[in-house]
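S.K.: Have a look at this prediction, sequence included:
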Amino acid sequence: MSNEQIQWWVTNFNLPFEVLGTLAFAFSGLIEAARKKLDIVGMAMVTAVAAFGGGTLRDILLNRSPLFWIANDWWIWTILVICGLAMIFFRGRHFEFTERAMQWPDALGLGVFASGGTMIALQSGTSAIVAVIMGVITSIFGSVLRDVFTNQVPRAFTDHQPYASVAFLGCWIVVLADVMALPAPLSVTIGAVVTIALRVAVIVFRWRVPSWRV
Amino acid sequence: MSNEQIQWWVTNFNLPFEVLGTLAFAFSGLIEAARKKLDIVGMAMVTAVAAFGGGTLRDILLNRSPLFWIANDWWIWTILVICGLAMIFFRGRHFEFTERAMQWPDALGLGVFASGGTMIALQSGTSAIVAVIMGVITSIFGSVLRDVFTNQVPRAFTDHQPYASVAFLGCWIVVLADVMALPAPLSVTIGAVVTIALRVAVIVFRWRVPSWRV
Amino acid sequence: MSNEQIQWWVTNFNLPFEVLGTLAFAFSGLIEAARKKLDIVGMAMVTAVAAFGGGTLRDILLNRSPLFWIANDWWIWTILVICGLAMIFFRGRHFEFTERAMQWPDALGLGVFASGGTMIALQSGTSAIVAVIMGVITSIFGSVLRDVFTNQVPRAFTDHQPYASVAFLGCWIVVLADVMALPAPLSVTIGAVVTIALRVAVIVFRWRVPSWRV
């Protein structure tokens, strides 16, 4: 790579993370829309909300403008094309999506967004705790809004399997790596990998958070 | 009209559209509040959310400030007066609102807001696809928030009758007219009329969008 | 107090109000989370949304930046510590929270936030009616979002006991006191006390707002 290209990747290192996380969450929204038997418009909306909801809320709270999907409008085309393809694909077949099918792309999106959201907040000059909260908001609000729009109590709030708490932990790892002056792309990668690994472990080994006795 | 007055109307051409659309959606919120037997405060809130929700979300996403109903505070008085009158009117009578009663003002609001929202975004300098999405958001989020606050899956997502897709089409017509360098008021009018006509046709002829076979 | 300290309190007079209101709403969110048997993450989220939701929406609508809980990040620590303590406390005991238990902290938060929110809007230069609406939004949207996230029709909309209307009245008192050129801390205090007293009277004497006959 030329020096210029390297420079570009250093400033845009979080682009592949954003792409991966957005696609993963879009897919989780798509599965949920299919399970709820929404029409094609509802499918596009729930997919878009799941994919963009967390990042949009983060940017509004931090007053960052323009929003990432307004500045990079190929995001919108991508979601529209995915929904179109999904519609064609689903119509020809009979599918039963289980709730578990959604968990794998969801875990991927969780880690990537938690980690990336924390770094974006840190680079906006927020304090550590605000950066962590922004990471958590980025990673879980897509799924929260997806569930509110499909009229359910958000699973992130009731699952009794560590979800937001895993993201919370991963965000602190990014902050720690940043304090240790690691390069930003490395910090984000470490945070994302740890979060994803933990979430997968949670699903596989069925770890639980303490529940109420009230 | 004097030259000055003409100038005023050219810059504010979208005011009558905004008024019409807002009143139409306010009325749809009012009917919904009556159907759900909310109290007078709930009625005012759901009416306001239906009337202002879409435009407010659009302005927040585009970072336009101040919001239109903060800059023009007679909007708030209008909603309060409408709710007061409705309360007096409804108390003296026994009404059964069918779901269909809401469809006519809703169709009017849909067309006017889709078309006007697209033009506002275009004039903020967004790309065509972002303008279209803003038009769709302006036109459907009032009704989406109305349904979320009354604890339902938004009808815009499940209706199986083209609703947001009609708005989507209408928004593209505005973009097309704008590319053809038509004057803005004309573009908005064409877009609104086509959208309203299509939506009325959908209701009358019971057109449907493809549903899932999963 | 030194002159400097007096000066500080004059500019920050609304800090104790904010603290009191936020803690009161946080406690109402906590009780609701316990009643719905959410997990610890859901508890933290619903507590945070109840405590910060109204003020955050107000600041986004008025385009005030940075948000108060981003500028003062000890707020986030406070909520986390409260949730941690509550979890430890609740785990050792068996509690049945009635819906009425939540009403008392809620009444306190309602008055303080309605009054403080109105003053903040007035000082941002909004008109009287916009300031009143901002006061109402600040005071009720925490509870509205709390109920949406726990999948209920917001009680503020269906209670048939004056709630938002009490806040509405209290906000006008703040505006009136401000027009009469009373010092801001006094205006806010009067508004808050009247609102809280009225809301307590509503609960104790079971006053009702007119309901639908449709």
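M.R.: Alright, I've got the coordinates.
S.K.: where in chain A is pLDDT low?
M.R.: A:1-14, A:91-99, A:158-160, A:209-214 (pLDDT under 70).
S.K.: ok, is stretch A:135-149 in contact with chain B or not?
M.R.: Yes. Taking Cβ under 8 Å from any Cβ of the partner chain as the criterion, stretch A:135-149 and chain B are in contact, through A:148-149. For every residue, glycine as well, the C-beta is placed using N, CA and C.
S.K.: The closest residue to chain B within chain A: what's its closest spatial neighbour, skipping adjacent residues?
M.R.: Of all residues in chain A, residue A:42 sits closest to chain B, at 2.9 Å by Cβ to the nearest Cβ. Closest residue to residue A:42 apart from its sequence neighbours, by Cβ to Cβ, 6 or more residues apart in numbering or on different chains: residue B:157 at 2.9 Å.
S.K.: Then residue A:196?
M.R.: The shortest distance from residue A:196 to any non-neighbouring residue, by Cβ to Cβ, 6+ apart, is to residue A:111 (3.6 Å).
S.K.: Could you give me the buried positions within stretch A:169-182?
M.R.: A:169-175, A:177-178 (16 or more other Cβ atoms under 10 Å in any protein chain shown).
S.K.: re earlier: next, work out how far apart the residue nearest to residue A:196 and residue A:138 are.
M.R.: Look at residue A:111 and residue A:138: by Cβ to Cβ, to the nearest Å, they are 11 Å apart.
S.K.: who in chain A is up against chain B?
M.R.: So far as Cβ under 8 Å from any Cβ goes, chain A lies against chain B at A:34, A:36-42, A:45-46, A:56, A:60, A:65-67, A:70, A:73, A:76-77, A:87, A:90-91, A:93-97, A:148-151.
S.K.: And the helices in chain A?
M.R.: Secondary structure of chain A, counting by DSSP state H: helices at A:3-11, A:15-35, A:40-61, A:68-71, A:74-91, A:103-123, A:128-149, A:155-158, A:164-179, A:184-205.
S.K.: Using CSV, lay out those helices together with distance to residue C:164.
M.R.: Listed next are the helices of chain A as CSV, based on distance: least, Cβ to Cβ, whole Å:
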stretch, distance to residue C:164
helix A:3-11, 48
helix A:15-35, 33
helix A:40-61, 24
helix A:68-71, 34
helix A:74-91, 37
helix A:103-123, 34
helix A:128-149, 21
helix A:155-158, 25
helix A:164-179, 30
helix A:184-205, 40
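S.K.: Can you tell me which of those helices is nearest to residue B:24?
M.R.: Residue B:24 lies closest to helix A:40-61 among those, at 20.3 Å (Cβ to Cβ).
S.K.: chain center to that closest one: distance?
M.R.: 10 Å (Cα atoms, centre = their mean, to the nearest Å).
S.K.: just to revisit the earlier point, who wins for proximity to residue C:20 among the helices of chain A?
M.R.: Comparing the helices of chain A by Cβ to Cβ, helix A:128-149 comes nearest, at 22.3 Å.
S.K.: just checking, what packs against the closest one?
M.R.: helix A:15-35, helix A:40-61, helix A:103-123, helix A:155-158, helix A:164-179, helix B:128-149, helix C:74-91, helix C:128-149 (3 or more Cβ pairs under 8 Å, 6 or more residues apart in numbering or on different chains; DSSP states H and E).
S.K.: would you list these in a markdown table and tack on distance to residue C:165?
M.R.: As requested, the helices and strands packed on helix A:128-149 are exported to a markdown table (distance: least, Cβ to Cβ, whole Å):
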| stretch | distance to residue C:165 |
| --- | --- |
| helix A:15-35 | 38 |
| helix A:40-61 | 30 |
| helix A:103-123 | 39 |
| helix A:155-158 | 30 |
| helix A:164-179 | 36 |
| helix B:128-149 | 17 |
| helix C:74-91 | 29 |
| helix C:128-149 | 9 |
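S.K.: circling back to that earlier point, how many residues are close by the residue nearest to residue A:42?
M.R.: 26 (other Cβ atoms under 10 Å in any protein chain shown).
S.K.: any idea how far it lies from residue A:78?
M.R.: 20 Å.
S.K.: Next: residue A:46.
M.R.: Taking Cβ to Cβ as the measure, residue A:46 and residue A:78 are separated by 16 Å.
S.K.: out of those two, which sits in the busier spot?
M.R.: residue A:46 (29 against 17).
S.K.: My understanding was that the more buried one contacts residue A:29; is that so?
M.R.: Yes. Using Cβ atoms under 8 Å, residue A:46 is in contact with residue A:29, at 4.8 Å.
S.K.: Give me the common contacts of the two.
M.R.: Both residue A:46 and residue A:29 are in contact with residue A:146, where contact means Cβ atoms under 8 Å, 6 or more residues apart in numbering or on different chains.
S.K.: ok, and the closest non-adjacent residue to residue A:29?
M.R.: In this structure, residue A:29 finds its nearest non-sequential neighbour in residue A:50, 3.0 Å apart by Cβ to Cβ, 6+ apart.
S.K.: Can you report how many residues lie near the one you found?
M.R.: 33.
S.K.: Kindly report the same for residue A:200.
M.R.: 16.
S.K.: Give me the nearest residue to it, chain neighbours excluded.
M.R.: That would be residue A:107: by Cβ to Cβ, 6+ apart, it lies 5.6 Å from residue A:200.
S.K.: Surely that neighbour touches residue A:196?
M.R.: Yes. Using Cβ under 8 Å, residue A:107 is in contact with residue A:196, at 5.7 Å.
S.K.: which of residue A:111 and residue A:138 has more neighbours?
M.R.: residue A:138 (31 against 28).
S.K.: Please report the distance of that one from chain C.
M.R.: Distance, residue A:138 to chain C, by Cβ to the nearest Cβ, to the nearest Å: 14 Å.
S.K.: Quick one: residues contacting that residue.
M.R.: A:54-55, A:57-58, A:113-114, A:116-118, A:120.
S.K.: and which of these is nearest residue C:163?
M.R.: Among these, and counting by Cβ to Cβ, the member closest to residue C:163 is residue A:57, at 26.9 Å.
S.K.: Give the burial count for the nearest residue to that closest one once chain neighbours are set aside, as a bare number.
M.R.: Leaving aside its chain neighbours, residue A:57 sits nearest to residue A:141 (4.9 Å; criterion: Cβ to Cβ, 6+ apart). The tally of other residues near residue A:141 (other Cβ under 10 Å) stands at 25.
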